[in-house]
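**Student:** the amino acid sequence is not available; the structure is as follows:
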């Protein structure tokens with residue numbers, strides 16, 4: 001019997017999936033039009049950035065004459081920063097092409113193929129799954145990748161004329177390529193899960209915006225795992241390390257925006273290295289989801305063991321970044337750049353505890369609860385997987401169709417352990433919070449505040465399906481928080497009905513558990529709210 005021979009995984013010209021997308025995406029007239037448009041825009045932006053910076057540094061109108069001694073002196077003094085500005089503007093254009101437009105093309109392309117039945121026919125082909133995934137991942141955004149690659153001559157011109165380090169530019173483009181690969185995997189997962197083309201493309205764009213503009217906000221709570229998924233800080237740190245003259249007062253970039261190296265347990269990791277580690281982890285998880293869905297369209301995204309391993313690794317990264325800062329005595333005054341005096345370390349609550357410390361502990365529990373809910377949501381088995389599992393004589397305990405409730409509890413326990421380790425270190429190493437008493441019973445209640453909402457959400461999805469669960473989650477968990485916020489803005493005392501309304505939300509339950517159970521932390525008597533809300537969610541489960 002003849003065994004079929006397949007080309008190497010990275011032999012793209014021999015990959016039929018990649019070839020099909022290449023023919024579709026690189027049609028001559030379409031490619032020529034896009035090439036002319038991008039090259040003209042890149043040339044304009046590059047020249048405006050370079051000449052605009054030189055004109056700004058010339059303190060008046062400067063005649064661009066390379067034979068002029070005055071212009072030569074201006075280039076010697078400010079030429080590096082001028083051509084660096086040109087290259088940075090070029091990076092922005094390449095990012096818009098590859099990250100924004102490329103991710104949209106991947107999401108809409110795979111959703112369109114799923115609607116037309118192409119995915120089902122490809123699933124029946126004998127081509128290995130890895131070839132199918134790589135063919136889609138590199139073939140669907142081929143137009144955008146080619147356009148961005150053909151802009152590199154402008155980067156070479158910046159390096160040649162401005163004396164920029166080729167090694168630094170190589171590192172930057174390595175970070176850029178890895179991040180682009182990750183964003184395209186995000187679009188591919190979105191298009192695989194959502195069969196409507198426009199909706200898949202819109203959600204992929206929203207996820208890009210979240211990654212670059214919303215998730216960095218959580219870095220204020222020390223969740224660097226989320227804030228480092230964007231590539232901006234990693235790229236800027238590499239550029240600054242090679243060209244420190246770009247910083248003010250000599251340059252044009254404010255130094256306070258540059259992120260310091262990341263302390264990870266006992267090691268110090270550069271921002272670019274830590275970003276690359278986080279991105280590769282997320283990329284591996286996304287590729288695993290794609291391979292599993294190609295092999296079985298009814299499978300869970302990561303499976304039970306894969307989700308548990310990802311949750312444990314995410315929590316290890318979070319603890320590894322937070323604990324060293326606290327152990328070195330870096331309290332909240334160093335963790336946050338607190339510009340509001342009402343939230344400073346000197347402003348204390350009624351119990352004498354700094355207000356920002358109270359808010360951080362509750363906020364950290366809230367973020368852990370959100371991450372826990374997102375991860376446990378992937379553990380819900382599909383009806384098809386449950387039906388197959390019932391017909392298996394001995395289905396393994398990690399099978400997609402088996403009961404997922406123990407795994408939901410396990411992931412919640414992981415989050416509770418991370419909360420306990422970080423908060424105990426935080427209280428012990430922050431002088432202003434050493435008066436707070438932390439007991440083992442406190443961890444039990446915080447664990448309950450994480451386990452019960454996750455189990456309630458899991459049970460609701462199993463009972464009524466995803467559509468009803470999402471609507472119920474919005475109506476019962478999100479709307480009460482909105483009402484409470486409006487009540488507080490209407491000058492209603494927070495300790496009255498807004499506290500009760502917000503407490504009924506399962507999203508706020510971990511934060512309430514931190515307020516209510518860690519002795520010395522509560523600014524208001526919220527124990528009754530916490531116990532009632534916990535009992536209601538437990539009864540619903």
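**Tutor:** Received, thanks. Since this is a predicted model, take the numbers as computed values, not measurements.
**Student:** low-confidence regions, the stretch 251-400 of the chain specifically.
**Tutor:** 251-253, 325-363, 381-398, 400 (pLDDT under 70).
**Student:** and the helices in it?
**Tutor:** 271-295, 303-327, 332-335, 355-377, 383-391 (DSSP state H, counting those that start in this stretch).
**Student:** mind checking how far the closest residue to residue 264 other than its chain neighbours is from residue 277?
**Tutor:** The shortest distance from residue 264 to any non-neighbouring residue, by C-beta to C-beta, 6 or more residues apart in numbering, is to residue 320 (4.5 Å). For every residue, glycine as well, the C-beta is placed using N, CA and C. Distance, residue 320 to residue 277, by C-beta to C-beta, to the nearest Å: 11 Å.
**Student:** residue 510 now?
**Tutor:** 27 Å.
**Student:** neighbour count for the two, which is higher?
**Tutor:** residue 510 (29 against 15; other C-beta atoms under 10 Å).
**Student:** quick one: residues contacting that one.
**Tutor:** Counting by C-beta atoms under 8 Å, 6 or more residues apart in numbering, residue 510 touches 362, 365, 366, 368, 369, 419, 446, 449, 450, 453.
**Student:** ok, of these, which come out buried?
**Tutor:** Among those, those buried by neighbour count (16 or more other C-beta atoms under 10 Å) are 362, 365, 366, 368, 369, 419, 446, 449, 450, 453.
**Student:** which residue packs closest to the third one, ignoring adjacent ones?
**Tutor:** In other words, residue 366. residue 511 (4.4 Å).
**Student:** so how many other residues sit close to residue 154?
**Tutor:** Residue 154: 21 neighbours (other C-beta under 10 Å).
**Student:** ok, it to residue 508 distance?
**Tutor:** Per C-beta to C-beta, residue 154 is found 50 Å from residue 508.
**Student:** per-residue pLDDT, the closest residue to residue 291 other than its chain neighbours?
**Tutor:** Computed as C-beta to C-beta, 6+ apart, the closest residue to residue 291 that is not its neighbour in sequence is residue 129, at 5.3 Å. For residue 129, the pLDDT comes out at 84.
**Student:** who are the contact partners of residue 129?
**Tutor:** 291, 294, 295.
**Student:** which among these count as buried?
**Tutor:** 291, 294.
**Student:** tell me the most buried of the helices of the stretch 251-400 of the chain?
**Tutor:** helix 355-377 (a mean of 22; mean count of other C-beta atoms under 10 Å).
**Student:** mind giving me the domain split of this structure?
**Tutor:** For the chain, the TED database gives the domain ranges 10-297, 318-540.
**Student:** strands of the stretch 351-500 of the chain, residue ranges please.
**Tutor:** In the stretch 351-500 of the chain, no strands are found when defined by DSSP state E, counting those that start in this stretch.
**Student:** buried ones in the biggest helix by length in the chain?
**Tutor:** Counting residues, the longest helix found in the chain (DSSP state H) is helix 28-57. Buried positions in helix 28-57, judged by neighbour count with 16+ other C-beta under 10 Å: 34, 38, 42, 45, 46, 49, 50, 53, 54.
**Student:** any idea which element the closest residue to the second one other than its chain neighbours lies in?
**Tutor:** It refers to residue 38. Of all residues not flanking residue 38 in the chain, residue 147 sits nearest, at 4.9 Å (C-beta to C-beta, 6+ apart). Element membership of residue 147 [criterion: DSSP states H and E] is helix 142-149.
**Student:** so that helix versus helix 28-57, what angle?
**Tutor:** 30 degrees (axes from the mean of the first three to the mean of the last three C-alpha atoms, to 10 degrees).
**Student:** what is the subsequent helix or strand relative to helix 142-149?
**Tutor:** In N-to-C order, the element after helix 142-149 by DSSP H and E is helix 152-162.
**Student:** contacting residues around that following helix?
**Tutor:** If you take C-beta under 8 Å, 6+ apart as the criterion, helix 152-162 is touched by 42-43, 46, 79-84, 86-87, 90, 164-166, 169.
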